[in-house]
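S.K.: dropping a prediction and its sequence here:
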Amino acid sequence: MATFKAEIYAHQKKADGTYNIKIRVTHKMKKKYIATPWFVSKEDLTRSLKLKNQIYIDMIDEVLRRYRDTCNRAGERLNDMTVEEIVELVTAKKETSFDLNFVEYTREYAEMLRLSGRVGTAANYDTAINSLVEYAGRENVSINEITVKFLNGWISWIQKRPTVGGRKKGDRAPSLYLSQIRAMHNRAKKEFNDEERGVIQIPYSPFSKIDIPKPKPTRKRALTMAQIRRIASIERPNVAINIRFNLARDVFMLSFMLIGMNAADLYDAPASAFDGERITYKRKKTRTRRADEALISVKVEPEAMPLVEKYRDPKGEKLFKFHRMYSESGNFNAALNKGLKQIGAILNIEDLEFYAARHSWATIANNKAGVDKYAVHEALNHVDPEMKVTDIYIEPDWSKNDQANRKVLDLLKIDPSPFKKPKRGNRLR
């Protein structure tokens, strides 16, 4: 019976200090050697030139398993074969062989998302694939290498990996990264497999056999009514150094009074979204995942109208002028959060961030204003998987959202005077 073993030979050291991993084939007391595509350095080896880098160990184990499986299928024919014929048997290229550079495939998809305007989603794929590349140590990672062992090794590596300042990745990183890579793996299977014709070029489903660590629930970011009132009333003199401070306050309150409208939607909203009474838009975060494209319409209440007018795009290219202040929505959101950190420091609100407006509206609506959970769910434009089919047949009734929002604003009694445009002599510079 033929045997296979990975070997590293000191006398075959390359000029660049690397060694090629060879597979030693032994059959009928004769030996032959098969070169692999992998070259390793001293850091990957023990003193006795044995592999210690688990990534290479896993890849070589997969090759040895494939060679042994090929020999097992040959059965008794092996008895009549020479070692040279064994090498030819296990290295023969199969006509149906398929390979795909998973890194390149993912990067191309991320770029397509970016060009279609889904910058945030593209960034998530970039972050995940960059982590995988750093773990593998190279840009070319075959989809055939995405195995259970590979993924479990990556998870362990992510959890132990220090970041700037010696801090470890958050517990959400493995879940977020693996979710993106799983989505890409499933996309590749859908694209390259044809089950109806029996063409299965990517047969493995490694993600079904691994346990992706679940992140701890995120802390609640809802604010109290008193804190919302204090944010609404806080302001600094209208000088250039405080533009970000006052902008953060204004846009936070605008989001709150528009039932948690996201920064990306405020940034992208077209001029046609506002008819003088209502803002009707498709929520960017979920529009590609829903049949109705996440359409929602919010009535602009009197308290919010000064802010809508204050930040209207003077040229009418978009609803608001935020795109004239920041090059893209990610920069806009970052600026808001920096301003909110300043506000939080003054008001003693720890880690205040923009998304707290949406959380706070929902919590106050349910816990203080008596709005039931289903109405809150509807107002936030969430989707109920159990009601998807029914929702197709029901015309949306935005008046229920309006009533819920009015209850919240009546309860808070927000003074809109700080939101109004400054007089000409006291304008922001």
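M.R.: Everything's here; your move.
S.K.: what does whichever strand or helix holds Tyr105 contact?
M.R.: Using DSSP states H and E, the element containing Tyr105 is helix 102-115. The set of residues external to helix 102-115 that reach it, using Cβ atoms under 8 Å, 6 or more residues apart in numbering, is 119, 121-123, 125-126, 128-129, 132-133, 139-143, 145-146, 181, 184-185, 187-188. C-beta here means a position set from N, CA and C on the backbone, and glycine is covered the same way.
S.K.: can we see that at 7 Å?
M.R.: With contacts defined as Cβ atoms under 7 Å, 6 or more residues apart in numbering, helix 102-115 is touched by 121-122, 125-126, 129, 133, 139-143, 146, 184, 188.
S.K.: next: stretch 21-40.
M.R.: 2-9, 18-20, 53, 56, 59-60, 63, 83-84, 86-87, 91.
S.K.: show me those residues that map onto helices.
M.R.: The members of the contacts of stretch 21-40 that map onto helices under DSSP state H are Tyr56, Met59, Ile60, Val63, Val83, Glu84, Ile86, Val87, Thr91.
S.K.: and the fifth one, how far from Trp154?
M.R.: To Trp154, Val83 is 37 Å away according to Cβ to Cβ, to the nearest Å.
S.K.: between the two, which is the more surrounded one?
M.R.: Neighbours per residue (other Cβ atoms under 10 Å) separate Val83 from Trp154, with Trp154 holding more: 22 against 16.
S.K.: these two touch, right, the more buried one and Tyr135?
M.R.: Yes - counting by Cβ atoms under 7 Å, Tyr135 is a contact partner of Trp154 at 5.0 Å.
S.K.: could you check how far the residue nearest to Asp410 when sequence neighbours are not counted is from Gln403?
M.R.: Leaving aside its chain neighbours, Asp410 sits nearest to Ala369 (8.0 Å; criterion: Cβ to Cβ, 6 or more residues apart in numbering). Shown here: Ala369 relative to Gln403, a distance of 10 Å by Cβ to Cβ.
S.K.: for these two, indicate the residue with more neighbours.
M.R.: Legend: neighbour count by other Cβ under 10 Å for Ala369 and Gln403, higher for Ala369 (20 against 13).
S.K.: does that one touch Leu411 like I think?
M.R.: Yes - at 5.1 Å, Ala369 and Leu411 qualify as touching, with contact defined as Cβ under 7 Å.
S.K.: identify the residues contacting the helix or strand encompassing Gly153?
M.R.: Element membership for Gly153 (DSSP H and E) is helix 148-160. Helix 148-160 is contacted from outside by 54-55, 58, 131-132, 135, 169, 173-174, 177-178, 206, 209-210, 213, using Cβ under 7 Å, 6+ apart.
S.K.: list only those of those flagged as buried.
M.R.: Ile55, Asp58, Ser131, Leu132, Tyr135, Lys169, Ala173, Pro174, Tyr177, Leu178, Ile210 (16 or more other Cβ atoms under 10 Å).
S.K.: the residue nearest to the last one when sequence neighbours are not counted - how many residues pack around it?
M.R.: Same thing as Ile210. The shortest distance from Ile210 to any non-neighbouring residue, by Cβ to Cβ, 6+ apart, is to Leu151 (5.2 Å). Leu151: 21 surrounding residues under other Cβ under 10 Å.
S.K.: try Glu378
M.R.: Count around Glu378 with other Cβ under 10 Å applied: 19.
S.K.: doesn't Lys14 make contact with Ser41?
M.R.: No - in this structure Ser41 lies outside contact range of Lys14 using Cβ under 7 Å: 9.9 Å.
S.K.: give me the helix or strand of this structure that scores worst on average pLDDT.
M.R.: Lowest mean confidence among the helices and strands of the chain (mean pLDDT, DSSP states H and E): helix 388-393, at a mean of 47.
S.K.: after that helix comes which helix or strand?
M.R.: helix 398-412.
S.K.: packing partners for that next one?
M.R.: helix 225-233, strand 295-299, helix 356-367, helix 373-379 (3 or more Cβ pairs under 7 Å, 6 or more residues apart in numbering; DSSP states H and E).
S.K.: pull out the buried positions in the shortest one.
M.R.: Counting neighbours by 16+ other Cβ under 10 Å, one finds that the buried residues in strand 295-299 are Ile296, Ser297, Val298, Lys299.
S.K.: could you dump the residues you listed to TSV with distance to Tyr311?
M.R.: Compiled in TSV, the buried residues of strand 295-299 are given as follows (distance: Cβ to Cβ, whole Å):
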residue	distance to Tyr311
Ile296	20
Ser297	19
Val298	16
Lys299	18
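S.K.: distance to Leu380 and pLDDT for those residues - can I get that in TSV?
M.R.: Shown next, in TSV, are the buried residues of strand 295-299 (distance: Cβ to Cβ, whole Å; pLDDT from 0 to 100):
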residue	distance to Leu380	pLDDT
Ile296	9	89
Ser297	14	91
Val298	11	93
Lys299	15	94
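S.K.: among those, which one lies nearest to Val251?
M.R.: Ranked by distance to Val251 (Cβ to Cβ), the buried residues of strand 295-299 are led by Val298 at 15.0 Å.
S.K.: how much space between that closest one and Lys284?
M.R.: 15 Å.
S.K.: around Gly75, how many other residues sit close by?
M.R.: Gly75 has 8 nearby residues by other Cβ under 10 Å.
S.K.: any idea of the pLDDT on the residue lying closest to Asn53 once chain neighbours are set aside?
M.R.: If you skip the residues right next to it in sequence, Asn53 has Asp44 as its closest partner in space, 3.9 Å away by Cβ to Cβ, 6+ apart. Asp44 carries a pLDDT score of 91 in this model.
S.K.: and if you look at Lys407?
M.R.: Lys407 is assigned 93 on the pLDDT scale.
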